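Undergrad: Please find the sequence and the predicted model below.
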Amino acid sequence: MRRITFKRILKSRSTENFSGIPYVMTLLNCLLSAWYGLPFVSPNNLLVSTINGTGAAIESIYVLVFIIFAPKKEKGKILGLLTFVIAVFSTVAFVSLFALHGHSRKLFCGLAATIFSIIMYASPLSIMRLVIKTKSVEFMPFFLSLFVFSCGTSWFLTGEPSNMKVLILYAIYRNNHGEPKKASSNNGGISLEMGEKEEQNQNQNQNQNGI
């Protein structure tokens, strides 16, 4: 999807009015997600690291091409944003590696990846001002918007069945809050009655022996 945009950039040797923000923010999202999937952060998620590590490598190429052919002002903005990306990733990696352990490390890295994933999905909106001003979608790539939407939808559909199961179970058993406690109370009453009967039997045996 992005190859079409960058083919045009390479051919014209200019980024024209394309925005580089989505590519830089996608790079950050891929870096954080790849870090989250590492075994010492989140066990059994190596596939997450593999796909996002590959994505980070591809996005790095896109960002490099964008920086090479961007006008001076846009180049400075993208370089500043890239510095921010490196700083955020380095901070998350350093804190999670040396200050956190176990579940806290996994939670911290997952939260960071989630926050910047949301920002990544919102980043294509950076070009909306130009679209409204020019009344043209020339510099808002259709395939970029389409596949970002598709990616978000696929994640939503992946998690939705699990949430539906929870809600269905709640609907089925919502009126059974007190039953386990009642059952335990009845068991306690039965145990108490059995104890009283045993004590009475022992007293009767002692009286008979005394006679």
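TA: Looks like it came in fine.

Undergrad: what residues go with each domain of the protein?
TA: For the chain, automatic domain parsing gives the domain ranges 2-126+137-161, 175-210.

Undergrad: Among those, which one carries the weakest average confidence?
TA: Ranked by mean pLDDT, these end with domain 175-210 in last place, scoring a mean of 55.

Undergrad: Glu74 against Thr15, yeah?
TA: Yes - with contact defined as Cβ atoms under 8 Å, Glu74 counts as touching Thr15 (6.4 Å). Every residue, glycine included, has its C-beta placed from N, CA and C.

Undergrad: So for these two, which residue has more residues nearby?
TA: For the pair Glu74 and Thr15, the greater number of neighbours falls to Thr15 (23 against 18), based on other Cβ atoms under 10 Å.

Undergrad: isn't the more buried one right next to Lys77, touching?
TA: No - Thr15 lies out of contact with Lys77 (Cβ under 8 Å); the separation is 11.2 Å.

Undergrad: Identify the contacts common to Glu74 and Thr15.
TA: Residues touching both Glu74 and Thr15 (Cβ atoms under 8 Å, 6 or more residues apart in numbering): none.

Undergrad: State the next helix or strand along the chain beyond the helix or strand containing Thr26.
TA: Under the criterion of DSSP states H and E, Thr26 resides in helix 21-36. For helix 21-36, the succeeding helix or strand toward the C-terminus, using DSSP H and E, is helix 46-69.
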